[in-house]
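K.L.:
pasting a predicted model and its sequence here:
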Amino acid sequence: MKVFVTGAGALLGQGIIRALRRSTLKATIIVGDPSPLSAGLYWGDAAHLIPMARDPAYLDRLGDLLRAERPDVLIPGTDVELPILAANREAIERAYGTKVIVSSPRVVSIANDKWLTSEFLRGKRLGFVPSCLPGDEETLIEQFGFPLVVKPRIGARSIGFSVVRDREQLRRAIAEQPEIVIQKYVGSETTEYTAGTLTFDGGCCATIVMRRDLRDGNTYRAFAEPFPALNRAMVQAADALDAYGPANFQFRLDEGVPRIFEINARFSGTTAVRIHAGFNEVEMCIRHILFGQSVVQPEITPVTILRHWSETVVKPGDLITASERLEEKV
């Protein structure tokens, strides 16, 4: 069995590769990334350079690689690939016989845009974060006052995120970033959680909730416990979203209510972390898609996970160089 993972230079792609290595699938792992200096590019059984998703050559190059490698599964390892792969999923699966683990364009659109995320959750009467677009902020201020949160409608890793504490700060934030969403400041840093879900055929099959501490927008300490009430809330959200396979929900407890401020229609940057709690979502997902095995909720092992830096060392002769961009294998 062969799995192609893109985004080998991204935390997400690397987490997927590590989950595959720690699974019982014994998969041949093909990896891809635009940069030859991406650490994850050296973790696979074969590696390829592929253009950025915004490059007009992206789909053609990916098609060439799928035709040459014939993987059973393609897993995107970056956010930016989701829209183009969602739009072309059926064509890719038909042309190359490769299953693509990506949700529908509708689901990807809701998850990518934080305004649409809030509106979706509000419409479903789930735990949403009260939000507005620039021009409607007076109502939000009247209801909740300051501080408020300002963030790009489409963004990641807390880039462009800020907390504004008065009208002048809000005015400057709107002027600097017109495409923003303004939100109520909910909960606190000590009540923030990340949750992973697996959904197939309209029903959530498995979940995991972990409390987390953040650094630079990424989870660097995670605390896994059963959290039965929070898992039930995430099942409701996942059922409503109806993703194909994995989704990630990030939320804070606000006066006891889990308020979801971000959805990712993909595996998570904490995918590899969740394995330590007994939740290998990549393996469960592939076993269901390829072999028709039911996804069964695993028992979550209470653990504290402390993340740290590590290294990948590449010898000079093994380093992929720009002159090798047209080589399909290294």
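P.N.:
Now that the structure is in, tell me what you want to look at. Numbering: from 1, shown residues only.

K.L.:
do a quick rundown of the helices in this structure.
P.N.:
Using DSSP state H, the helices assigned to the chain run over residues 11-21, 58-69, 82-96, 105-112, 114-123, 137-144, 167-176, 228-241, 271-274, 281-291.

K.L.:
may I see these organised as TSV, with mean pLDDT, mean neighbour count and distance to Ile320 added?
P.N.:
Glycine gets a C-beta too; all of them are placed from N, C-alpha and C. Formatted as TSV, the helices of the chain follow (pLDDT from 0 to 100; neighbours: other CB atoms under 10 Å; distance: least, CB to CB, whole Å):
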stretch	mean pLDDT	mean neighbour count	distance to Ile320
helix 11-21	97	24	16
helix 58-69	97	17	15
helix 82-96	98	16	23
helix 105-112	98	20	30
helix 114-123	98	19	36
helix 137-144	96	13	48
helix 167-176	95	14	38
helix 228-241	98	18	38
helix 271-274	96	26	23
helix 281-291	98	20	25
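
K.L.:
now the strands for the stretch 151-300 of the chain?
P.N.:
Ranges of strands in the stretch 151-300 of the chain, per DSSP state E, counting those that start in this stretch, are 162-164, 180-184, 192-200, 203-215, 218-224, 245-254, 257-264.

K.L.:
and these: which comes nearest Ser310?
P.N.:
strand 218-224 (13.3 Å; CB to CB).

K.L.:
tell me which residues in that closest one are buried?
P.N.:
By neighbour count with 16 or more other CB atoms under 10 Å, strand 218-224 contains the buried residues Thr219, Ala222, Phe223, Ala224.

K.L.:
what is that strand packed up against?
P.N.:
Packing contacts for strand 218-224, counted by 3 or more CB pairs under 8 Å, 6 or more residues apart in numbering; DSSP states H and E, involve strand 203-215, helix 271-274, strand 303-306.

K.L.:
buried deepest among those, which one?
P.N.:
A comparison of those by mean neighbour count, using mean count of other CB atoms under 10 Å, puts helix 271-274 on top with a mean of 26.

K.L.:
who's in contact with it?
P.N.:
With CB atoms under 8 Å, 6 or more residues apart in numbering as the test, helix 271-274 has contacts from 12, 14-16, 18-19, 22, 196, 208, 210, 219, 222, 224, 246, 268, 280-282, 305, 307.

K.L.:
try 10 Å this time
P.N.:
11-22, 77, 194-196, 208, 210, 212, 219-222, 224, 246, 248, 267-268, 279-282, 298, 300, 303, 305, 307 (CB atoms under 10 Å, 6 or more residues apart in numbering).

K.L.:
quick one: closest of the helices of the chain to Trp43.
P.N.:
Using CB to CB, those put helix 11-21 closest to Trp43, at 5.1 Å.
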